[in-house]
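# sequence first, predicted model second:
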Amino acid sequence: MDQRIIEATQTGDINLLYELIANDPYVLQRIDDVPFFHTPLHVAASAGNIEFMMEIIKLKPSFARKLNQGGFSPLHLALQNDKIQAVHRLLRFDKGLVRVKGREDLTPLHHVVQTGNVDLLIKLLKVCPEAIEDVTVRVETVFHLAVKNDMFEAFQVMVGWLTRSSHESADRWEEELLSWADIDGNTVLHIAAIRNRPQMVEVLLEHMRRYQINAKNLEGLTALDIQSQYPWNERQADRIIGRTKGMSHETRNTFLVVTVLIITSTYEACLNPPKMPDDSPCPSLKYQVSLSQDQPLNSHTFLHKTDRNTAPMPSPSAMDVSEKVDLVVESSTFWFFNSCTFCLAMLLITFLLLPHPFSALILITLYLFGLSYLSLFHVSSWSFSQLYEISYETELGEYRLTDSVNGFFAVVINCIVPCQVFLFSVWRDTMSGYTFV
């Protein structure tokens with residue numbers, strides 16, 4: 001470039017510029033013919049010489065999009081040198097300058113996101129919303145860059161802008177850009193997990209669908225796989241797992257507490273089922289096992305009804321018929337609802353447990369606990385029929401219904417629990433495929 005042009009550009013001397021043009025009308029054209037050149041507009045934008053910059057851009061508009069030898073446009077240089085007024089004047093001239101791709105396909109919007117200038121970010125998104133979908137040479141979006149450079153405020157602004165924007169493509173951008181994969185197949189959530197950005201993970205989980213959260217990179221890893229490599233931040237991994245199950249970490253914990261309380265209450269009620277009051281016409285009877293010295297304990301062993309003073313008690317057959325019917329109805333109704341509540345709570349807890357080897361041990365314990373409940377039901381129903389001399393086959397229809405319900409839930413639990421135990425035992429496989437639940 002001619003030395004006098006350099007002098008005019010550095011001093012912002014517009015008169016000298018026109019003197020040079022008068023002497024050589026092609027002085028600016030020769031500069032424009034060079035594919036990559038540090039034009040007078042680059043110099044003026046870097047220095048913030050607004051008047052000279054606008055005079056040059058009027059004479060040679062193509063300079064506004066030309067890249068210098070370093071791969072930067074005049075707007076890139078104005079941003080790098082923090083010449084905010086020059087940035088505004090360039091945008092007023094051409095809003096499309098926001099999308100000019102420079103070195104490594106970085107646009108002015110990418111630069112603003114990397115520096116975290118929220119005011120300029122809002123300005124650029126306002127003048128050219130379409131710039132948000134531009135990607136770098138590594139196929140990175142503005143969201144990838146915000147996470148990498150730990151610009152949480154800028155990240156929040158962009159996510160909020162996406163959700164509130166009235167642009168016709170806003171919904172598509174929100175769905176695509178937040179789950180966009182870079183050259184390595186890493187989504188924004190992957191990068192947040194790699195860089196250990198818990199706040200950004202929280203924001204992403206609120207706006208991503210389950211299949212997006214479970215996306216794998218080129219190494220076959222999900223964001224949860226990556227997060228599991230940071231044992232000091234297990235709570236964040238729990239949040240990711242909770243979101244893949246369609247609920248937050250806090251909500252899942254609340255459900256677990258409530259479910260455990262339900263299981264405890266129903267089992268306790270099973271140990272103390274309804275019975276006739278002590279002052280009723282037919283008080284509760286107690287049994288003791290009586291064995292002769294030469295009689296082994298077998299199915300013929302009988303139970304003798306005694307009270308606390310071993311005095312003879314009235315036979316249950318003397319019980320008033322209506323009271324007997326009422327007791328059967330109330331007791332069987334209790335067992336039916338109690339069994340349904342217990343079994344549903346058992347099923348629910350299998351879905352709420354996090355994928356972890358220790359979860360497998362908890363499931364096995366709960367499974368055996370459930371079997372003990374079913375056994376307790378059979379013992380209680382048999383004892384009830386013996387106590388009040390009721391035929392199990394003819395008069396305990398509600399009990400048989402409850403027995404059928406218990407059998408159904410037992411089959412379901414027998415199918416689900418082994419599958420869950422297997423998945424929880426194989427931790428790495430579970431992380432990538434546990435959406436079975």
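Everything's here; your move.
# who's in contact with F36?
Residues counted as contacts of F36 (C-beta atoms under 8 Å, 6 or more residues apart in numbering) are 66-69, 71. C-betas here are computed from N, CA, C, even on glycine.
# quick check: the gap between it and P129.
According to C-beta to C-beta, to the nearest Å, F36 and P129 sit 29 Å apart.
# quick check: buried residues in stretch 109-120?
Counting neighbours by 16 or more other C-beta atoms under 10 Å, one finds that the buried residues in stretch 109-120 are 109-118, 120.
# which two among the residues you listed are spaced furthest apart?
Using C-beta to C-beta, the pair of the buried residues of stretch 109-120 lying farthest apart is H110 and V118, separated by 15.0 Å.
# tell me the helices and strands packed up against whatever helix or strand F342 lives in.
Assigned by DSSP states H and E, F342 belongs to helix 321-352. Packing partners of helix 321-352 (3 or more C-beta pairs under 8 Å, 6 or more residues apart in numbering; DSSP states H and E): helix 249-271, helix 357-387, helix 397-425.
# report the angle between the axes of it and helix 249-271?
Orientation note: helix 321-352 sits at an angle of 150 degrees relative to helix 249-271 (axes from the mean of the first three to the mean of the last three C-alpha atoms, to 10 degrees).
# distance from the chain centre to helix 321-352, please.
Put simply, helix 321-352 sits 36 Å off its chain's centre (C-alpha atoms, centre = their mean, to the nearest Å).
# list the buried ones in it?
Neighbour-count burial for helix 321-352, counted by 16+ other C-beta under 10 Å, picks out 324, 327-328, 331-332, 334-336, 338-339, 342-343, 345-347, 349-350, 352.
# neighbours of I364, how many?
Here the number of neighbours of I364 (other C-beta atoms under 10 Å) works out to 14.
# which strand or helix spans the nearest residue to L90 once chain neighbours are set aside?
Of all residues not flanking L90 in the chain, L75 sits nearest, at 5.1 Å (C-beta to C-beta, 6 or more residues apart in numbering). Using DSSP H and E, L75 falls within helix 74-80.
# pretty sure I57 is touching L91, no?
No: I57 is not in contact with L91 according to C-beta atoms under 8 Å; the separation is 11.9 Å.
# elements contacting whichever helix or strand comes after the helix holding L75?
Sequence order places helix 84-93 as the next helix or strand after helix 74-80, per DSSP H and E. Using 3+ C-beta pairs under 8 Å, 6+ apart, the elements in contact with helix 84-93 are helix 40-47, helix 50-59, helix 74-80, helix 118-127.
# the ones you listed into JSON lines, with extra columns for distance to D182 and mean pLDDT?
Formatted as JSON lines, those follow (distance: least, C-beta to C-beta, whole Å; pLDDT from 0 to 100):
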{"stretch": "helix 40-47", "distance to D182": "30", "mean pLDDT": "94"}
{"stretch": "helix 50-59", "distance to D182": "34", "mean pLDDT": "94"}
{"stretch": "helix 74-80", "distance to D182": "22", "mean pLDDT": "96"}
{"stretch": "helix 118-127", "distance to D182": "21", "mean pLDDT": "94"}
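# with distance to T259 added, can I get those in a markdown table?
Below are the helices and strands packed on helix 84-93 laid out as a markdown table (distance: least, C-beta to C-beta, whole Å):
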| stretch | distance to T259 |
| --- | --- |
| helix 40-47 | 63 |
| helix 50-59 | 67 |
| helix 74-80 | 54 |
| helix 118-127 | 44 |
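# looking at these, which is closest to V201?
helix 118-127 (20.7 Å).
# helices or strands up against the closest one?
helix 84-93, helix 108-115, helix 152-164.
# quick one: it to chain centroid distance?
For helix 118-127, the distance to the chain centre is 29 Å (C-alpha atoms, centre = their mean).
# what are the buried residues along it?
In helix 118-127, counting by 16+ other C-beta under 10 Å, buried: 118, 120-121, 123-125, 127.
# one more: stretch 11-28?
So, applying 16+ other C-beta under 10 Å, buried residues of stretch 11-28: 12-13, 16-17, 20, 27-28.
# same thing with stretch 82-92?
Buried residues in stretch 82-92, counted by 16+ other C-beta under 10 Å: 83, 86-87, 89-91.
# which member of these is positioned nearest E168?
L91 (21.9 Å).
# so what's that closest one up against?
Contact analysis of L91 by C-beta under 8 Å, 6+ apart lists 75, 97-98, 123-124, 127.
# okay, now the unreliable bits of the stretch 151-300 of the chain?
228-250, 252, 273-300 (pLDDT under 70).
# and the helices in it?
Under the criterion DSSP state H, counting those that start in this stretch, the stretch 151-300 of the chain contains helices at 152-164, 170-177, 188-194, 198-207, 210-213, 223-227, 234-244, 249-271.
# ranking those by mean neighbour count, which comes first?
Highest mean neighbour count among the helices of the stretch 151-300 of the chain (mean count of other C-beta atoms under 10 Å): helix 188-194, with a mean of 27.
# please name every helix or strand in contact with the helix holding L75.
helix 40-47, helix 84-93, helix 108-115.
# could you dump the ones you listed to a markdown table with distance to F377?
Output for the helices and strands packed on helix 74-80, formatted as a markdown table (distance: least, C-beta to C-beta, whole Å):
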| stretch | distance to F377 |
| --- | --- |
| helix 40-47 | 82 |
| helix 84-93 | 75 |
| helix 108-115 | 63 |
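# where does the closest residue to L374 other than its chain neighbours land on pLDDT?
Leaving out its chain neighbours, the residue that sits closest to L374 by C-beta to C-beta, 6+ apart is N406, at 5.4 Å. In this model, N406 is scored at 70, pLDDT.
# how about the contacts made by N406?
339, 343, 374, 377.
# out of those, which is nearest to I191?
C343 (43.4 Å).
# would you confirm that the closest one contacts I413?
Yes: counting by C-beta under 8 Å, C343 touches I413, with 7.5 Å between them.
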